[in-house]
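Asker: After the sequence you'll find the predicted model.
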Amino acid sequence: MNSVDVGSMSHDGERGDHTRQVLRFVAIVAGLITLAGLFAAPERVWAGFLMGFSYFTLLALAGPVFLAFICLSGARWSISLERIPAAMSTTLPLAGGLGLVLLFGIHSLYEWPHASVLEHDVILQGKEAWLNPTAFALRLVGVFLVWCFFARKLSTLSAQFARRPTEGLAISRVKWSAAFVAVTATTFSIASMDWLMSLEPHWFSTMFALLQFASLGAAGLAAAILILLRQERQGALVHPLRDDHLHDLGKILFSLTLLWVFCWYCQYMLIWYTNIPEETVHYTVRKEGPWWLLVQATVVIKWVVPFLALMPRSLCRNRKVLARVAICVLVGQALDLFVQVGPPLMGPHPVVGAWEVAPMAGALALFFLVAETAVARTPSVAPNHPHLADSLSYTTP
Amino acid sequence: MSVHEAQLDKAAEPQRELATDDNPLVDTPLITGATTPGEVTRHVCEPLERKPTQLWKISFTASLIMLLIGVVSVAYQLRVGIGTWGLNRTVGWAFDITNFVFWVGIGHAGTLISAVLLLFRQRWRTSINRSAEAMTIFAVMCAGLFPLIHMGRPWLAHWVFPYPNLRGPLWVNFRSPLLWDVFAIGTYLIISATFWYVGMVPDLATMRDRATGLRRRILGFFSLRWTGSGRTWSRWEMTCLLLAGLATPLVVSVHSVVSSDFATAVIPGWHTTIFPPYFVIGAVFSGFAMVLTLMIVARRVMNLQGYITRKHITAMCKIVVFTSSIVGTAYAMEVFIAWYSGSPYEQFAFANRIFGPMGWAYGIMVGCNVLVPQLLWFKRIRGSISAVFAISLLVNVGMWFERFVIIVTSLSRDFLPSAWAGYAPTLVELGTLLGSFGLFFTLFLLFCRFLPMIAMAEVRAVVDTDHGHGHVHDDAHVVVNEPAAAQRVGLRQVGVFKDPATMLSAIADARSKGLHVVDTYTPHPVHGLEAALGRRRSRLPFVTLTFGALGLGLALWFQYWASSTDWPVDVGGKPFDSLPAFVPIAFEVMILFAGLSTVAALLMRSRLRPGGAERVAHEGVTDDRFVLVVERANASLSQEEVAQLWARHHALDSWTEHQR
């Protein structure tokens, strides 16, 4: 019995390394293609770059967000899994670096920095105080400084607490987490409206930031689950992963995708219902031809599939199913970004080629590479943690 | 009694609790008022068996007077006409829709506490969920009153339901958010009331077993022949879990639908896409404030400081400050997007809201909902009951004004300046608002007087865990092959235990000796019992799924058929088959079918039906005794050996019973 386990584990370990090689290959090749594209086809590559950057940032920011919510909720079942979000947090500075690169692309991506457009557009003139390159850059740098500061603080506290759990550390973790959540509500709203909503600078939706936040939760958790399962296959987990942990992760993924579709439906339904031209512009282009198919596919892949697959208890506790659902959510997120970024830049016909795919694939591969390397460096919870036993013997009621 | 009071004093001692409350690493008991399940029964039931207190009588009379004022106002309005409501101004339905949304909002915390906190496994919910759910139901009833009165001819209220009628194939308009309201509020009321009642059945049985005469017969009728059987408990727990799973999206949908009353209109300040989640969070916020207000009073009046402790109040404060911050963020987002939109109408609507003639109302709203609750970030404020009470009252006021601001400021100055008007409520409007508070408090006081305010069964389980009786050893989970039924001897052996742990160890022992466990009878669900008995999980979820899917399909089909085939009517230029508009009702019907069918399945499967004075396995089985019934299979053990087994596990009592 034992020997079989060891055998299959080492075999899986090799497969894990194989995946890592693929990730490394994708990251390098996609990076080179993106770099080449900046000169060969800048317009198209910048669209891809925006998607890749947004995706990377969502996943990276999910790390500190999860850490904060784990602290605030006082959850115990997840104590043994805390390394994963802590490791994801360490990718935020890299996201900030990509953000600095994005600043060079704003003239290709957005219409509002162009003086020629502004000249004839009264509405955009009214927004100039907010939508101008300087303010955009300052806000971008500002939100990343805030996020990186908090992410570092939270993951440092998490690591210190893992080594030596004391009451003082526990309390200061709760305080920093509460502060982070409060700050993120504002900074994330600003960021998502800047980077994505201003692609269509005339359009506006108060729901937009919340919709992106739901995406952050769903996609971030899907990524965390994948990292966790890969760690387990490589035998790198210090604490064993129970079916009950998977069950809870699955249920949270289920509810986050549900939250996403709730926000999506509310925004769509209210704009469809009132039919106000200023607002319908966002959907008129997306309800035509291939874009509409892609939008529908997004809803199916990002919500219907996870909803049906994670409903039965037995499937929720199944590693293979959970991993596939997580991949499905990640694919759905890529599609979601594509249908948000695509129409204003590509017009009525979606364009998919190496220039669009490479930056996004590269960003994803880079995220997993960096995050997984960081997991190895993150200390696991000390055995004297007062609630570690609760987490290790956790059983879903 | 003196012991009880001593414990209350200990619970009220602020220093000790503050010191431990904030240390996340130390577990302190959640319930300080009781250490045994029996104490819970006594503390909750005894006040209900005595005559009402002076304080209760005074409050009840005051509430009745308020209710009476409401009845007079409504009667006057029905006699004279809805003009007495101030409907002759262009602002129109300002007051009744404000009150409607206010009460629906209040009605959100109850289900949130009972359902969402159950899904999140927050044990502190057990002390307050019963009264919060009662509050929910009464608040939703108050809410329903306003559209009903506003119809002007409430005796024709049944016209809002889609049924075959004499008015030709004229169906209700399925694309109207007002009809979505009918389905959402109706489903919410039915499911919340069902959830509340199902949760209360075990407690009614406890009260039944303490009562005599007519009281016992009435309680017997409503406690549905509850015996505390282990199989029933496991189905009951599954039902609660399923209802919680259904009620959670239901809560979200209800206030989303209410928000659509505004957000689907083209009035600036009403139409904004964030309204559904923003209303839901606002409702949770106001609901928790109301729960805080009521609980702070109730724990004092009903002597429940040991059950609704400072820990509970702190937990609720944290939710209030969290939701308050979200509400504040949404306010900021609305104002920012109004500016960002570049639409002069949006910009005017918000400038008017903040700086216009009713700017004072906006000030009250922001002050009470966003600024004041921020004080709860401070431990010292959270620790002061009077400060928390004051803040909770202010939030109630602020949330009423939120609805007032949204509704009145947008309508009083809309697109047509010639129609601009001020607004002041008429006496009839004020009387009706007062009457709704009267109805709410009257019902709540009746509830406190006649029904168990604390969910005894669930609190017993918490007490049991807190005080260390409930620890289940892994060796209790022994799976033994059951001998065939034919070999069983028809003698049943009954053992009575004082806590679940001893009963579970007796079960493990008995099963390893080849005894067949017939059933267990316990005052609260025992964790690890199903595993100890090797029983499979309840199959109730299949019922929920099947009927949920049926309800969804039926509602979708019916809306399509009625709106596009039977009587196609062009509504606002929308297509006949308007899927986005059919989603809310389809969702509500799905939840209604799923919830009711699950409860029906529980009642049928566990044979729960109105009964009389039930005979239970042991008189303490709904109080603090744990009864195990086994059958000697295969004649493996003699009667004496079974008696020895009982003794080994410290059975308090045991006997042999002939099979009926």
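Answerer: It's in. Owing to the predicted nature of the structure, the values given are computational and were not obtained by experimental measurement.
Asker: CA atoms for contacts and neighbours, from now on please.
Answerer: Fine.
Asker: Go through stretch A:346-364 and flag the buried ones.
Answerer: In terms of neighbour count (16 or more other C-alpha atoms under 10 Å in any protein chain shown), stretch A:346-364 has its buried residues at A:348, A:350, A:354-364.
Asker: so which of those residues comes closest to chain B?
Answerer: Comparing the buried residues of stretch A:346-364 against chain B with C-alpha to the nearest C-alpha places residue A:348 closest, at 23.5 Å.
Asker: Wait, that closest one touches residue A:285, no?
Answerer: Yes - if you go by C-alpha atoms under 8 Å, residue A:348 and residue A:285 touch, sitting 6.4 Å apart.
Asker: The residue of the stretch 201-350 of chain A found nearest chain B: what's it in contact with?
Answerer: Distances from the stretch 201-350 of chain A to chain B, computed as C-alpha to the nearest C-alpha, single out residue A:207 as the nearest residue at 4.3 Å. Residue A:207 is in contact with A:263, A:267, B:272-274, counting by C-alpha atoms under 8 Å, 6 or more residues apart in numbering or on different chains.
Asker: Would you mind putting these into CSV with secondary structure, pLDDT and neighbour count alongside?
Answerer: What follows is the contacts of residue A:207, written out as CSV (DSSP: H, G, I helix; E, B strand; the rest coil; pLDDT from 0 to 100; neighbours: other C-alpha atoms under 10 Å in any protein chain shown):
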residue, secondary structure, pLDDT, neighbour count
A:263, helix, 96, 24
A:267, helix, 95, 22
B:272, coil, 91, 28
B:273, coil, 93, 26
B:274, coil, 92, 25
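Asker: returning to that earlier point: pLDDT value on the residue of the stretch 201-350 of chain A closest to chain B, please?
Answerer: Per-residue confidence at residue A:207 stands at 93 (pLDDT).
Asker: Name the residues contacting each of residue A:348 and residue A:285.
Answerer: Each of residue A:291 lies in contact with both residue A:348 and residue A:285 under the rule C-alpha under 8 Å, 6+ apart.
Asker: And residue B:378, how close does it get to residue B:572?
Answerer: Using C-alpha to C-alpha, to the nearest Å, one obtains 51 Å as the distance from residue B:378 to residue B:572.
Asker: Near chain A, which residues of chain B? Just list them.
Answerer: Proximity of chain B to chain A, by C-alpha under 8 Å from any C-alpha of the partner chain, involves residues B:22-25, B:260, B:263-266, B:271-274, B:276-277, B:325, B:329, B:333-334, B:337, B:340-342, B:580-581.
Asker: pLDDT averaged over stretch A:296-304 - what is it?
Answerer: Here stretch A:296-304 scores 96 as its mean pLDDT.
Asker: ends of that stretch, how far apart?
Answerer: Looking at stretch A:296-304, the gap from its leading to its trailing residue is 10 Å under the measure C-alpha to C-alpha.
Asker: Is that stretch positioned near chain B?
Answerer: No - Stretch A:296-304 stays clear of chain B (C-alpha under 8 Å from any C-alpha), getting no nearer than 13.2 Å.
Asker: Give me the residues contacting that stretch.
Answerer: Outside stretch A:296-304, the residues that touch it by C-alpha under 8 Å, 6+ apart are A:257-258, A:260-261, A:328-333, A:335-336.
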